[in-house]
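K.L.:
give me a model of this one.
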Amino acid sequence: MQKTKFKQTEIGMIPEDWEEKELQKISRVIDSCHKTPKYSPEGIAMVRVTDIKYGDIDLKNTLKVTTDVYDEFTLNHKPQKNDIVMSRVGTYGVTSFVSTNDLFCLGQNTVVIHPSINSRFIYYALNSKLVKTQIEEEVTGSTQKTISLKDIRELLIACPTNTEELKLIAKILSSLDSKIELNQQMNKTLEAIGQALFKHWFIDFEFPNEKGKPYKSSGGEMVDSEMGEIPKGWKVGKLGDYIDFIKGKKPFETSEEFIEGYLPQILIENLDGGQPVYTNTEKMVVVEETEPIMVMDGASSGRIEIGHRGVLGSTLSKVIVKNDLLTNSYVLHFLKIHQEDINQNTTGTSIPHTDKERIKRYTLALPDKRLLELFDKLAVRILYKIISTKREIKNLSEIRDSLLPKLMSGKIRVPVEVK
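P.N.:
Got it, this is the predicted structure:
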């Protein structure tokens, strides 16, 4: 195999048979409308800076606008499948790929990129070190970092002159992302199954009776309580009698590279697969994969997760079970059911904080130990499958993150058949 020869360019060393191209020469870059719209309870999705994250665009949890607002905000360009959206202010330079035909419009401080060559290649190029370095050099502002529309349009992309090589690079990285997305969807399904089982048994009281039939609908005896009717033999308690919170800490030292004796630092961004840094465990709060953790500060306060091992950052808490009358699995699913209520009832004015004391006042019906153990066996099997899939996601993400800069700079070449 012939060794690749490189040449020096404005953006660094690239293969001699590649070219530098301004983004605006291979894409239309369209600015968003610079105004705040009136939102609606239902309607068309509006993607704002906070909605833009690496990966395919997610329109499920965005704010909504009317058709009239959509028409106003898409006068210059209606975002469409295979476009790319980028944030310009605050969390600048973050991109999402549009893989859907669903309608949406863009909020202020964003741009839409409509490539004239392979969209996936442009998407990965914008996430490469060659481009990220340019973005960092062009950002202005002290408190609110911003990259201008002009600077985005003038970003230089390293492009193979062979279009087949360009397509193959995009295909390799896209295949890894597709597998990661498939695993993430599998975990969401598993989590939904666990939630449905918990609700069926402990909210609807349709756990299996001694004959294996649904308790309540099969005539199981119910008794009055302060919660309403509960199965005979069950007790009512306050969640705070059985759990407590141990808040994480800001570490004294961190390392981007793994060091013996260090563990990954778990921050909010790492809950969704963000690359962690590593920190010393001494005098820190360490959490195991089977222990629930909760976001305590910020917009996602009350979010409850499990399946992470590492050192907790200061915005998270470990939820510990104080006695054997409850289990981690029960507490996790109980808090999942109340997650939205927790998020909507935070303390603080400028920054929301999870209200621990309010959570501890939640009333619950305590099942007998036999039923709790039976549920725990089922829930733990689901949990370990989720943990196994998360490990696979982590491995695939590391492979992708290792390959991306090498493929996008030509340090690893993709063999292309000569026709």
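K.L.:
helices along the protein, start to end?
P.N.:
23-26, 67-73, 119-126, 129-138, 149-153, 163-198, 328-337, 339-344, 356-360, 369-409 (DSSP state H).
K.L.:
next, count neighbours for Val416.
P.N.:
Neighbourhood size, Val416 [other C-beta atoms under 10 Å]: 14. For every residue, glycine as well, the C-beta is placed using N, CA and C.
K.L.:
now do it against Thr161, distance only.
P.N.:
As judged by C-beta to C-beta, to the nearest Å, Val416 and Thr161 stand 11 Å apart.
K.L.:
cool, Thr281 as well?
P.N.:
50 Å.
K.L.:
higher neighbour count, those two?
P.N.:
Taking other C-beta under 10 Å, Thr281 and Thr161 do not tie; Thr281 has more neighbours (14 against 11).
K.L.:
am I right that the more buried one is in contact with Val311?
P.N.:
Yes. Contact criterion C-beta atoms under 8 Å: Thr281 and Val311 qualify, at 5.9 Å.
K.L.:
what do those two both touch?
P.N.:
Counting by C-beta atoms under 8 Å, 6 or more residues apart in numbering, the contacts common to Thr281 and Val311 are Leu263.
K.L.:
how about the nearest residue to Val295, chain neighbours excluded?
P.N.:
Arg303 (4.2 Å; C-beta to C-beta, 6 or more residues apart in numbering).
K.L.:
same check on Phe6?
P.N.:
Nearest non-adjacent residue to Phe6 (C-beta to C-beta, 6+ apart): Met13, at 4.4 Å.
K.L.:
likewise for Thr327?
P.N.:
Counting by C-beta to C-beta, 6+ apart, the residue nearest Thr327 is Asp376, at 4.7 Å.
K.L.:
who touches that neighbour in this structure?
P.N.:
Contacts of Asp376 by C-beta under 8 Å, 6+ apart are 327, 329-330.
K.L.:
pLDDT value on Gln185, please?
P.N.:
Per-residue pLDDT puts Gln185 at 94.
K.L.:
what about the residue nearest to Phe6, distance to Lys5?
P.N.:
10 Å.
K.L.:
for those two, indicate the residue with more neighbours.
P.N.:
Neighbour tally, Met13 and Lys5, criterion other C-beta under 10 Å: the higher count belongs to Met13, 14 against 8.
K.L.:
who does the more buried one form a beta bridge with?
P.N.:
Listed beta-bridge partners, Met13: Gln8 (assigned using DSSP bridges).
K.L.:
distance check, it against Ser314.
P.N.:
For Met13, the distance to Ser314 - C-beta to C-beta - is 40 Å.
K.L.:
can I get stretch 158-176 as CSV, trimmed to CA atoms?
P.N.:
Output of stretch 158-176 as CSV, limited to C-alpha atoms (Å, rounded to 0.1, in the frame of the first residue of the first chain):
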residue,chain,number,x,y,z
ALA,A,158,-10.7,19.0,4.5
CYS,A,159,-12.3,17.1,1.6
PRO,A,160,-11.1,14.0,-0.3
THR,A,161,-11.1,14.7,-4.0
ASN,A,162,-12.3,11.1,-4.5
THR,A,163,-16.1,11.2,-3.8
GLU,A,164,-16.1,7.5,-3.1
GLU,A,165,-13.6,7.9,-0.3
LEU,A,166,-15.7,10.8,1.1
LYS,A,167,-18.8,8.6,1.1
LEU,A,168,-17.0,5.7,2.7
ILE,A,169,-15.7,7.9,5.6
ALA,A,170,-19.2,9.1,6.3
LYS,A,171,-20.5,5.5,6.1
ILE,A,172,-18.1,4.1,8.6
LEU,A,173,-18.8,6.8,11.2
SER,A,174,-22.5,6.8,10.5
SER,A,175,-22.6,3.0,11.0
LEU,A,176,-21.1,3.4,14.5
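K.L.:
isn't Lys360 right up against Lys238?
P.N.:
Yes. Counting by C-beta under 8 Å, Lys360 does reach Lys238; the two are 6.6 Å apart.
K.L.:
these two - which one has more neighbours?
P.N.:
Neighbour totals were compared for Lys360 and Lys238, and Lys360 leads with 15 against 12 (other C-beta under 10 Å).
K.L.:
ok, how many other residues are close to Glu191?
P.N.:
19.
K.L.:
tell me, how many residues neighbour the residue nearest to it when sequence neighbours are not counted?
P.N.:
Nearest non-adjacent residue to Glu191, counting by C-beta to C-beta, 6+ apart: Ile386, 6.8 Å away. When neighbours are defined as other C-beta under 10 Å, Ile386 has 21 of them.
K.L.:
quick one: the residue nearest to Val295 and Thr346 touch, right?
P.N.:
No. Arg303 is not in contact with Thr346 according to C-beta under 8 Å; the separation is 11.6 Å.
K.L.:
show me the contacts for Lys238.
P.N.:
Lys238 neighbours (C-beta under 8 Å, 6+ apart): 360-364.
K.L.:
nearest to Val29 among those residues?
P.N.:
Tyr362 (49.5 Å; C-beta to C-beta).
K.L.:
what residues are up against the nearest residue to that closest one once chain neighbours are set aside?
P.N.:
With sequence-adjacent residues excluded and distances taken as C-beta to C-beta, 6+ apart, Tyr362 is closest to Leu239, at 4.3 Å. Contacts for Leu239 (C-beta under 8 Å, 6+ apart) come out as 331, 334, 359-364.
K.L.:
where does the stretch 151-300 of the chain have low pLDDT?
P.N.:
Within the stretch 151-300 of the chain, not a single segment meets pLDDT under 70.
K.L.:
and the strands in it?
P.N.:
Applying DSSP state E, counting those that start in this stretch to the stretch 151-300 of the chain gives strands spanning 156-160, 222-223, 230-231, 235-238, 243-247, 254-255, 262-266, 278-280, 286-287, 293-295.
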